[in-house]
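K.L.:
Sequence and predicted structure, then a few things I'm wondering about:
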Amino acid sequence: MKDILIERDIIRNHIDTIILHLLSEQDRYGYEVYKEVPERTGGAYEVKEPSLYSAFRRLERDKLISSYWGDESQGGRRKYYTITKTGRSHYTQAIAQWKQVQKIMGLILGTEGKKRT
């Protein structure tokens, strides 16, 4: 990825959507989510652990995700998170909003729907 300085808040404001997306693929434990973000972004973005676990608590409180304890057969006991039906609906709405924001920004910046001269 191109090295462009992005203010952390721009992506941090979408941490819930990031988490819900990863959980829509499969149940994951916290550290797995933590590792997955920089892996998928080629190191361009890393979720801070306090922000991640605060988001897990908030999403669970809002019933968008739920958690369960995995078995101990693969080392220490891990708390897994899974997306709920309500979470899937919220995620779908978040993606629709994100696409609309991209379209609006494209129109404003002249990169959507018309050629710049």
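P.N.:
Nice, thanks for sending it over. Numbering: from 1, shown residues only.
K.L.:
contacts, neighbours, all on C-alpha from now
P.N.:
OK.
K.L.:
any idea how far residue 108 lies from residue 101?
P.N.:
10 Å (C-alpha to C-alpha, to the nearest Å).
K.L.:
With residue 13 instead?
P.N.:
From residue 13 to residue 101 the distance is 13 Å (C-alpha to C-alpha).
K.L.:
ok, now residue 54?
P.N.:
For residue 54 relative to residue 101 (C-alpha to C-alpha), the value is 25 Å.
K.L.:
And for residue 53?
P.N.:
In terms of C-alpha to C-alpha, residue 53 sits 27 Å off from residue 101.
K.L.:
In terms of neighbours, single out the busier of the two.
P.N.:
Ranked by neighbour count (other C-alpha atoms under 10 Å), residue 53 and residue 101 place residue 53 first, with 15 against 12.
K.L.:
Residues contacting the helix or strand harbouring that one, please?
P.N.:
Following DSSP states H and E, one finds residue 53 within helix 49-61. Helix 49-61 has contacts (C-alpha atoms under 8 Å, 6 or more residues apart in numbering) with 15-16, 30, 34, 65-67.
K.L.:
same question for that helix, mean pLDDT?
P.N.:
Averaging the model's pLDDT scores along helix 49-61 yields 95.
K.L.:
what's the distance between that helix and the middle of its chain?
P.N.:
Put simply, helix 49-61 sits 11 Å off its chain's centre (C-alpha atoms, centre = their mean, to the nearest Å).
K.L.:
Next, the distance between the ends of stretch 18-33.
P.N.:
For stretch 18-33, the end-to-end distance is 9 Å (C-alpha to C-alpha).
K.L.:
for that stretch, which positions count as buried?
P.N.:
Neighbour-count burial for stretch 18-33 flags 18-24, 27-30, 33 (criterion: 16 or more other C-alpha atoms under 10 Å).
K.L.:
Averaged pLDDT, it. What do you get?
P.N.:
Average pLDDT, stretch 18-33: 97.
K.L.:
In strands, which of the buried residues of stretch 18-33 fall?
P.N.:
Among the buried residues of stretch 18-33, DSSP state E puts 28-29 in strands.
K.L.:
Now render the buried residues of stretch 18-33 as JSON lines, adding distance to residue 81.
P.N.:
Listed next are the buried residues of stretch 18-33 as JSON lines, based on distance: C-alpha to C-alpha, whole Å:
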{"residue": "18", "distance to residue 81": "13"}
{"residue": "19", "distance to residue 81": "10"}
{"residue": "20", "distance to residue 81": "10"}
{"residue": "21", "distance to residue 81": "12"}
{"residue": "22", "distance to residue 81": "10"}
{"residue": "23", "distance to residue 81": "7"}
{"residue": "24", "distance to residue 81": "10"}
{"residue": "27", "distance to residue 81": "6"}
{"residue": "28", "distance to residue 81": "6"}
{"residue": "29", "distance to residue 81": "6"}
{"residue": "30", "distance to residue 81": "8"}
{"residue": "33", "distance to residue 81": "10"}
